[in-house]
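Novice: 3D, please:
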Amino acid sequence: MRCGIHPAGQSRRVLRFEETSRTIPAMQIQRCRSISSRFLGSTCSAWLQCKHAATNGRRRLAPVLQATVVQEADITTSAAAAASRPELPKNFESATAEERIYKWWESQGYFQPDPAAPGEPFTLSMPPPNVTGKLHMGHAMFATLQDIMVRHARMNGRKALWLPGTDHAGIATQTVVEKMLAREGTSRLQLGRQEFTKRVWQWKEEYGGFITNQLRRLGASCDWSRERFTLDEGLSDAVAEAFIRLHSKGLIYRGQYMVNWSPALRTAVSDLEVEYSEEAGSLYYFKYPVAGSEGREFLPVATTRPETILGDTAVAVHPEDERYKHLIGRECEVPLSGGRRIPIIGDEYVDPEFGTGALKITPGHDINDYEIGKRRGLPTINIMNKDATLNAAAGPKYAGMERFAARAALWADMEAAGLALRKEPHTSRVPRSQRSGEVIEPLVSEQWFVRMSPLAEPALAAVAASDIAILPERFVRTYNNWLENIKDWCISRQLWWGHRIPVWYIFPSAEAAAAAPEGRGKAYVVARSEAEARRLAEATHGSGVVLRQEEDVLDTWFSSALWPFSTLGWPKTDSPDYRTFYPTQMMETGHDILFFWVARMIMMGLECTGRVPFSTIYLHGLVRDDKGRKMSKSLGNVVDPLDTIATYGTDALRFTLATGTGVGQDLNLSLERVTSSRNFTNKLWNAGKFVLFNLDKVSESEWEALRGVSLSSPEQLQQLPLLERWGVSLLHQTIDEVSERYDKHDYNAAGITAYNFLWDEFADWFIEASKTRTYGGDPAAQAANRAALVYVFESVLRLLHPFMPFVTEELWQALPHKGEALIKAPWPQRRCPVDATALAHFEVLRGCVRALRNARAEYNVEPGRRIGATIVVEDEETRQALRSELAVVCLLAKLDAAAVRLVACAAEAQGGAAEAGALQEAAASCVSLVVRDGVQVLLPLAGLFDVAKELARLGKQRTKLEKDLAGIHSRLNNPAFMAKAAPGYVEEARAQEREAREKLALVEQKIAQVTALAGKE
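Specialist: Here you go, the predicted model:
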């Protein structure tokens, strides 16, 4: 329903209600009732109309608060129109306004790319947060920066698409559901794969939308109608297609390699899912007996993991180490192994200065040893089961033992055998699973891998050729270093939740399939579906074969690597979104996943589509606490973005994150900075209220004329008075500077520049000076000022909208405006005229005001006292410009207009006195304030303050300074002090003495000046 002002000329109060099909949220109804009570009183109501309605020439409330109001027919048209204007509350009510505004934006389809937009597409793929995720400051940072980018592109007429989605997060999600099942008294294995997967999907449908709703709280203007999930049908098709293409080119293979093994999760995990912590442990020194020496000769070796001794396949020393080089080529016996012999090798990898200089080589359980083993052709012995118990290769005594229990048992046995030398406390970096917390075990395992070197070469070339720009540029070196030394990527995970690897093993019978280790055989086919796999298998192996699909799923990062193009329809390259929006233009993410995600997207994009997936990479830093520490629960320093929003508002948090640091730099977040941003929100709000206050009584025709008012032409600018010309010119400069910062992706500087203009120039000077118009009696000056106020403030709202979308939209809707929403409004016009002369003249005015304010403070002039002054301006043009705005000087400096003179020279200032003595005497009774060359202010001391009170104040100040100076002298004249004091402390005391003397001289000068004035009075 909606209600409206009834046409003027009717003499009755009428409510007109029109049924609509839209269900109005209770919060929005309450908001409208609140507004209607301001217009009509507490007994009347006004109903929300979200749908745009024609105004028929009448003013209307913001579409988001669309509620025009019934008025008495005998009220004049102007008064009725004034009553229909929105009334802003004292403060911006972020707690209710943000949700209301966001729902309205989304309901109107403003987040979707406008097909009629004249500009080129701007596409930004949201880094998909884990479906298990809860909003943290890292999410808040990327959501803020990406929203700034897409809002700016949208306002600049581009077809802006910010494509959102979530990641299925294989390990994290499976872990969450397994814990839930454990609470129910069951397990994944008891349910079986099919039923377990069904339960995970149920969990996802119930809880998976939490993170996206939280992103909405941040104002993320992404196109939710295109929201994707990495296990969506289309994205799953893309994953299978990519796997098949890579496998057909020999870039995917199955083989053995060292992986990060999580014993608790029973799967390989990526480097990103491993966290290192400094932990106290032990360093174990022991004897490695040299074979054939009957125990008389040994190599001293140290390790932090003695249980791995049972998997050693060599002992290495440096080839030039005089202590051991005579042993190179001989053998030693593995302790407690029953006499198993391994070679002593010389290898330059060994640092003779580290530890004992002899290094045990365990290729099966250490990544560095694994590389040495491959290089030297050493065998690999795996002594560990997948649950981190020792296997038969460790020997019958230790087989079946948990790894840490085996460590203790083996060391005790070595002590008993006389092989232990000593055990020392030692702190080392321990790898732990990010998800389950247990110590990661380096393990050689048979897995599926992607051959990375052929993919890395074109990715390196793309950045070298500037097809892709990385911001900040210092990360180019990091990117190149990683790709130049890239290793093959383990893409298989021993999970049930995820993209099951599209490989089917071929067996001649069901019995053979059942007998195959882990269901794998030597023959297999790669296919998009089981039906396709069967056709391929029967084509080569005949009918009747039995197929078993690979049990493993793909690494979550594999599907994420396809994100920029799979979300747009690939491999269907004729899909409208793919044709329109790919390649994307921007990839914004944290610098910590440059390797794990960004580089892989580039490689996969080039391989699968033949084009770079994006042209610019913007890397933001980490959000840390106010002391620069990483936020963590253990430190108790986590700042929850939702709690921050509840206290300070979304706009304040966004502005803090966006302006707190430059590209690629970490942000030390303090709530004091968020408080400062909230104060800025209040400043912006109060500035808007002042503008609306000036429009309160304007006619309907003027209000309509102010919709989209422009002062962007030279002719329009020159018709304005000095104050308005200065404000508009400074705005035009600011628009160009802010726009240039946006173009360079320097969002920190863009936000600060807009902030400085609004606070330091518009609020502190333009608004304050405009009060001479507001409370003056010149209608023409008031009209010009109103136009300038609306033009400047509305433009500032556009500049700030990408940073602070909610408060700017609310204010913009309250102003005279063209269009439905600020989110869709065009960016302010660039390269508009700037009147340099007006800027210079107004700077002189500000200089005079500042000088007068400083003098008032220095002489303790009572705040409410209006004083006289003579302003000397030698340049005729500047003087006339200042004369036109003398009322502004009087208002801002609290001058008595009747006692203010504006003259061309000092002689004229003294009433034309010709004799030098008279000039000198007159000057002695004034304070001369030099503003700049050719401009000064003469401030008569007479009547400026209470002479007796000022003398008393200065006398107290002199007494205190004399006492301070005496104390300093006593120290500097004390031989004992001078003999014992450090040179730096003595120099500091002397500096204090100089400062005290200077202050005392100034006070005595003022006393003399005030005493002389007292004698004249």
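Novice: in the longest strand anywhere in the chain, which residues are buried?
Specialist: Longest among the strand segments of the chain by residue count, using DSSP state E, is strand 274-289. Neighbour counts over strand 274-289 (16 or more other CB atoms under 10 Å) mark 284, 286-289 as buried. The way it works is simple: take the backbone N, C-alpha and C, and place the C-beta from them, glycine included.
Novice: one more: stretch 835-853?
Specialist: Neighbour counts over stretch 835-853 (16+ other CB under 10 Å) mark 835, 838, 841-842, 844-849, 851-852 as buried.
Novice: one step back: which helices and strands does the helix or strand following the longest strand of the chain pack with?
Specialist: Once strand 274-289 ends, the next helix or strand along the chain (criterion: DSSP states H and E) is strand 298-303. Counting by 3 or more CB pairs under 8 Å, 6 or more residues apart in numbering; DSSP states H and E, the packing neighbours recorded for strand 298-303 are strand 274-289, strand 314-317, strand 358-361.
Novice: which elements pack onto the first one?
Specialist: Counting by 3+ CB pairs under 8 Å, 6+ apart, the packing neighbours recorded for strand 274-289 are strand 298-303, strand 331-333, strand 420-433.
Novice: how about a markdown table for those strands, with distance to residue 751 and mean neighbour count added?
Specialist: As requested, the helices and strands packed on strand 274-289 are exported to a markdown table (distance: least, CB to CB, whole Å; neighbours: other CB atoms under 10 Å):
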| stretch | distance to residue 751 | mean neighbour count |
| --- | --- | --- |
| strand 298-303 | 54 | 20 |
| strand 331-333 | 65 | 20 |
| strand 420-433 | 39 | 14 |
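Novice: endpoint to endpoint, stretch 284-294 covers what distance?
Specialist: End-to-end distance of stretch 284-294 (CA to CA, to the nearest Å): 23 Å.
Novice: quick check: mean pLDDT of that stretch?
Specialist: Mean pLDDT, computed over stretch 284-294, is 92.
Novice: tell me the phi and psi of residue 448?
Specialist: Dihedral pair for residue 448: phi -90, psi 140, per degrees, to the nearest 10.
Novice: what number of residues lie near it?
Specialist: Residues within reach of residue 448, counting by other CB atoms under 10 Å, total 23.
Novice: which residue comes closest to it once chain neighbours are left out?
Specialist: residue 492 (4.0 Å; CB to CB, 6 or more residues apart in numbering).
Novice: returning to that earlier point: pick the one among the buried residues of stretch 835-853 closest to residue 389.
Specialist: Nearest to residue 389 among these is residue 846, at 78.6 Å by CB to CB.
Novice: same list (the helices and strands packed on strand 274-289) but as CSV, adding mean pLDDT and distance to residue 160.
Specialist: Shown next, in CSV, are the helices and strands packed on strand 274-289 (pLDDT from 0 to 100; distance: least, CB to CB, whole Å):
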stretch, mean pLDDT, distance to residue 160
strand 298-303, 95, 57
strand 331-333, 95, 68
strand 420-433, 94, 40
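Novice: of all the ones you listed, which one is nearest residue 687?
Specialist: strand 420-433 (51.8 Å).
Novice: run a quick neighbour tally on the closest residue to residue 284 other than its chain neighbours.
Specialist: Nearest non-adjacent residue to residue 284, counting by CB to CB, 6+ apart: residue 306, 4.8 Å away. Residue 306 has 25 neighbours, counted by other CB under 10 Å.
Novice: isn't residue 306 right up against residue 404?
Specialist: No: Residue 306 is beyond contact range of residue 404, at 10.8 Å (criterion: CB atoms under 8 Å).
Novice: quick one on the thing from earlier: including distance to residue 584, could the helices and strands packed on strand 274-289 go into CSV?
Specialist: Shown next, in CSV, are these (distance: least, CB to CB, whole Å):
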stretch, distance to residue 584
strand 298-303, 49
strand 331-333, 58
strand 420-433, 33
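Novice: nearest to residue 146, out of those strands?
Specialist: strand 420-433 (29.9 Å).
Novice: from the middle of its chain, how far away would that closest one be?
Specialist: Strand 420-433 sits 38 Å away from the centroid of its parent chain (CA atoms, centre = their mean, to the nearest Å).
Novice: equivalent analysis for stretch 442-454, please.
Specialist: In terms of CA atoms, centre = their mean, the centre of stretch 442-454 is set 34 Å apart from its chain centre.
Novice: name the residues that touch that stretch?
Specialist: 246, 250-261, 268, 363-367, 370, 380, 382, 384, 386, 486-492, 501, 503, 550, 552, 554, 603 (CB atoms under 8 Å, 6 or more residues apart in numbering).
Novice: in strands, which of the residues you listed fall?
Specialist: Per DSSP E, the contacts of stretch 442-454 map to strands at 252-261, 268, 489-490, 492, 503, 554.
Novice: filter these down to the buried ones.
Specialist: Among the ones in strands among the contacts of stretch 442-454, those classed as buried by 16+ other CB under 10 Å are 252, 254, 257-261, 268, 489-490, 492, 503, 554.
Novice: residue contacts, residue 652?
Specialist: 674-675, 677-678, 680-681.
Novice: how far off centre is the strand or helix carrying it?
Specialist: Under the criterion of DSSP H and E, residue 652 resides in helix 650-659. The chain centroid and the centroid of helix 650-659 are separated by 9 Å under CA atoms, centre = their mean.
Novice: and for stretch 585-594?
Specialist: Put simply, stretch 585-594 sits 11 Å off its chain's centre (CA atoms, centre = their mean).
Novice: what's the end-to-end length of that stretch?
Specialist: 17 Å.
Novice: got the buried residues for that stretch?
Specialist: For stretch 585-594, by 16+ other CB under 10 Å, it's 585-591, 593-594.
Novice: what does stretch 679-691 give?
Specialist: Neighbour counts over stretch 679-691 (16+ other CB under 10 Å) mark 680-691 as buried.
Novice: restrict that stretch to CA atoms and write it as PDB.
Specialist: The C-alpha coordinates for stretch 679-691 follow below in PDB (Å, rounded to 0.1, in the frame of the first residue of the first chain):
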ATOM      1  CA  ASN A 679      33.200  10.400  13.800                       C
ATOM      2  CA  PHE A 680      33.700  11.000  10.100                       C
ATOM      3  CA  THR A 681      30.300   9.300   9.400                       C
ATOM      4  CA  ASN A 682      28.800  11.700  11.900                       C
ATOM      5  CA  LYS A 683      30.600  14.700  10.300                       C
ATOM      6  CA  LEU A 684      29.200  13.700   6.900                       C
ATOM      7  CA  TRP A 685      25.700  13.300   8.400                       C
ATOM      8  CA  ASN A 686      25.800  16.700  10.100                       C
ATOM      9  CA  ALA A 687      27.000  18.300   6.900                       C
ATOM     10  CA  GLY A 688      24.000  16.800   5.100                       C
ATOM     11  CA  LYS A 689      21.700  18.100   7.700                       C
ATOM     12  CA  PHE A 690      23.000  21.600   7.300                       C
ATOM     13  CA  VAL A 691      22.500  21.400   3.500                       C
END
